[in-house]
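*Asks:* need coordinates for the below:
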Amino acid sequence: MTRVSVALLVVTSVATSAAFALSGARAHAQDAGIPDAGPPDGEVPDAGLAVDAGAPDGASPDAGDEAGTAGSGAGAAGAAGAGAGASAGAAGGEDRFSEPAADPSTPPREETPEERAAAEAAAREAAALEAEQRARREGRPPWPPPWCDDDVPPEEDPDPAHDPSICEAPPWGFFGLPRWHIAGRVDLGFLFLRPVFLFGYGTPHETYVAFEIDPLIAGRGVGVYSGFRAELPFTELRAGARYFFTFTRSFLRALDTFDHLQIRDRSGPGAAYLSLEAQLELSIPIGPISIDSETTATYVLAETNSEYPFVFEESLMVVLEPPFVWGTSLGVAIHFGDDDAYYITPTAEIIHLVEREDIVLRVGLRAGIRMWEDLELRLIAMPAIVSPDSLGAAAGDTFLLGIRYRWVTENPSR
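*Replies:* A predicted model of the protein is given here:
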């Protein structure tokens, strides 16, 4: 009976421990939100495990009952332990991979300097793309470049293409990029107005080819000049025709010399003439100075006769016998001041009166101040030093002070 008592005591202890373990595992699984994994619906726990297999031969039936009872208790304890371990493992796995809930009381995370720099770079790229597309539609390069807004000193910028001067002014000139345009200039001074209109293609007033029309309005008469003009680096060329009808002059008698009163004589036929002109200008820069030259060839068509063979040519300001006359000038332009805004050009000009077999020599200077890119104050003092005539102020631009304004339509740099 002692062995039976010991066996019953062991079985009771094991069953009690298994019950406590199973209860704790279920409680932990419920806290973790895992449902109880009981037997499937409609199934009854297998009762065969608790069926007594009978006692061996010669053994006491009571002993067999005790052993069977002990084995059943041990199996239940093992199943309970396995269930508890699986529940704990599942709970631990869920805790390991699940995202912790955000605390509403925690303030939002601030943007790091790296993230802020990346956002600014993306915004600059978008602005640059928009500027490039807009400039392509307008037919010009984007300006200013987007890198002009970078807070990088020029000496620390590794890209040599990032010229800081481009940020201060566009890479094209004041009058914009090459394009079809209407441009012109106006020379205005005391008792004179000389407008010029240009219709052409290129960079206005810099490098272009254009058709030119100049209305001529003065107290002495009216007229018009039309032709073609091309301005290239260091070179300017024009060719055209000028018609002028004078109110105050007539064709002149055949004299060896003329004075300022004789050229106002109106006793002859009224003077009107057509002159065909070609002019070539060169400007060769050499450091702060430039060598400037101007050569003009003129062929005059006038209805003169043997009694009145001479005519006063208004543009050249000489008395000539048609048809041919030519002239050339040479000067040295000295530029100084901020952005070479000031210039003085000592100049000598010679005009050959072919049919009269004589010359006119003028010596003086041209000077100016470029007040803005499109406005200039000009001074011309070119009196005649050598001449077959005594024409006084009519022999040349003895003292001419005025302004020159240049304009153009559709200027994209404004």
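*Asks:* now the end-to-end length of stretch 216-224.
*Replies:* Start and end residues of stretch 216-224 are separated by 5 Å (Cα to Cα, to the nearest Å).
*Asks:* how many residues are close by the closest residue to Pro383 other than its chain neighbours?
*Replies:* Using Cβ to Cβ, 6 or more residues apart in numbering and skipping the chain neighbours, the partner closest in space to Pro383 is Thr398 (4.7 Å). Heads up, the C-betas are built off the backbone N, CA and C, glycines and all. When neighbours are counted by other Cβ atoms under 10 Å, Thr398 registers 15.
*Asks:* shaky segments in the chain?
*Replies:* Residues of the chain meeting the criterion pLDDT under 70: 1-108, 124, 127-128, 131-132, 134-173, 411-414.
*Asks:* which residues touch Glu303?
*Replies:* Each residue near Glu303 by Cβ atoms under 8 Å, 6 or more residues apart in numbering is listed here: 269, 272.
*Asks:* helix/strand/coil for the residue nearest to Pro383?
*Replies:* Secondary structure for Thr398, judged by DSSP: H, G, I helix; E, B strand; the rest coil, is coil.
*Asks:* that one is in contact with Ala381, isn't it?
*Replies:* Yes - using Cβ atoms under 8 Å, Thr398 is in contact with Ala381, at 6.7 Å.
*Asks:* tell me what the helix or strand containing Leu193 is packed against?
*Replies:* According to DSSP states H and E, Leu193 maps onto strand 192-203. Here strand 192-203 touches strand 179-189, strand 207-218, strand 221-232, going by 3 or more Cβ pairs under 8 Å, 6 or more residues apart in numbering; DSSP states H and E.
*Asks:* contacts for the second one?
*Replies:* Think strand 207-218. The contact list for strand 207-218 (Cβ under 8 Å, 6+ apart) reads 178, 181, 183, 192-202, 222-233, 238, 240, 242, 244, 314.
*Asks:* for the helices and strands packed on strand 192-203, which one sits closest to Leu280?
*Replies:* The minimum distance between Leu280 and the helices and strands packed on strand 192-203 falls on strand 221-232, with 10.4 Å, by Cβ to Cβ.
*Asks:* tell me what angle the closest one forms with strand 207-218.
*Replies:* 170 degrees (axes from the mean of the first three to the mean of the last three Cα atoms, to 10 degrees).
*Asks:* following strand 221-232, which helix or strand comes up?
*Replies:* strand 235-250.
*Asks:* now the angle between strand 207-218 and that following strand, please.
*Replies:* Using the same axes, to 10 degrees: strand 235-250 against strand 207-218 is 10 degrees.
*Asks:* same for the helix or strand following strand 235-250, what does it pack against?
*Replies:* Next along the chain after strand 235-250, taking DSSP H and E as the criterion, comes strand 270-286. Under the contact criterion of 3+ Cβ pairs under 8 Å, 6+ apart, strand 270-286 touches strand 235-250, strand 289-302, strand 311-313.
*Asks:* kindly recompute the last result at 6 Å.
*Replies:* strand 235-250, strand 289-302 (3 or more Cβ pairs under 6 Å, 6 or more residues apart in numbering; DSSP states H and E).
*Asks:* now those in JSON lines, with distance to Met371 and mean neighbour count?
*Replies:* Output for those, formatted as JSON lines (distance: least, Cβ to Cβ, whole Å; neighbours: other Cβ atoms under 10 Å):
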{"stretch": "strand 235-250", "distance to Met371": "22", "mean neighbour count": "17"}
{"stretch": "strand 289-302", "distance to Met371": "20", "mean neighbour count": "17"}
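*Asks:* list the neighbouring strands of the strand holding Leu193 plus their orientation.
*Replies:* strand 179-189 (antiparallel), strand 207-218 (antiparallel) (DSSP bridges).
*Asks:* list the buried residues for it?
*Replies:* Neighbour counts using 16 or more other Cβ atoms under 10 Å place 194, 196-198, 200, 202-203 of strand 192-203 among the buried residues.
*Asks:* nearest to Arg109 among these?
*Replies:* The nearest member of these to Arg109, counting by Cβ to Cβ, is Thr203 at 54.6 Å.
*Asks:* got the contact list for the closest one?
*Replies:* Counting by Cβ atoms under 6 Å, 6 or more residues apart in numbering, Thr203 touches Pro178.
*Asks:* repeat that for Pro309.
*Replies:* By Cβ under 6 Å, 6+ apart, the contact list for Pro309 reads 254, 321.
*Asks:* could you measure it against Val408, distance?
*Replies:* Distance, Pro309 to Val408, using Cβ to Cβ, to the nearest Å: 44 Å.
*Asks:* pull up the distance across stretch 201-210, start to finish.
*Replies:* Terminal residues of stretch 201-210 lie 6 Å apart, using Cα to Cα.
*Asks:* name the residues of it that are buried.
*Replies:* Quick answer for stretch 201-210 (16+ other Cβ under 10 Å): 202-205, 208, 210.
*Asks:* tell me which two in those residues are the farthest apart.
*Replies:* Across these, the longest distance by Cβ to Cβ is 11.1 Å; it joins Thr203 and Ala210.
*Asks:* from what I see, Leu237 and Glu281 are in contact.
*Replies:* No - under the criterion of Cβ atoms under 6 Å, Leu237 is not in contact with Glu281, lying 7.5 Å apart.
*Asks:* let me see the domain layout of the protein.
*Replies:* Here the domain assignment for the chain is 1-15+69-78, 180-408, based on automatic domain parsing.
*Asks:* can you put the helices and strands packed on strand 270-286 in a markdown table and add distance to Gly392?
*Replies:* Shown next, in a markdown table, are the helices and strands packed on strand 270-286 (distance: least, Cβ to Cβ, whole Å):
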| stretch | distance to Gly392 |
| --- | --- |
| strand 235-250 | 15 |
| strand 289-302 | 23 |
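*Asks:* of all the ones you listed, which lies closest to Ile350?
*Replies:* With Cβ to Cβ as the measure, strand 289-302 is the member of these nearest Ile350 (10.4 Å).
*Asks:* note down every partner strand of that closest one and its orientation.
*Replies:* When DSSP bridges is applied, strand 289-302 pairs with strand 270-286 (antiparallel), strand 324-336 (antiparallel).
*Asks:* in TSV, list these along with distance to Ala302 and mean neighbour count.
*Replies:* Below are the strands paired with strand 289-302 laid out as TSV (distance: least, Cβ to Cβ, whole Å; neighbours: other Cβ under 10 Å):
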stretch	distance to Ala302	mean neighbour count
strand 270-286	4	16
strand 324-336	12	17
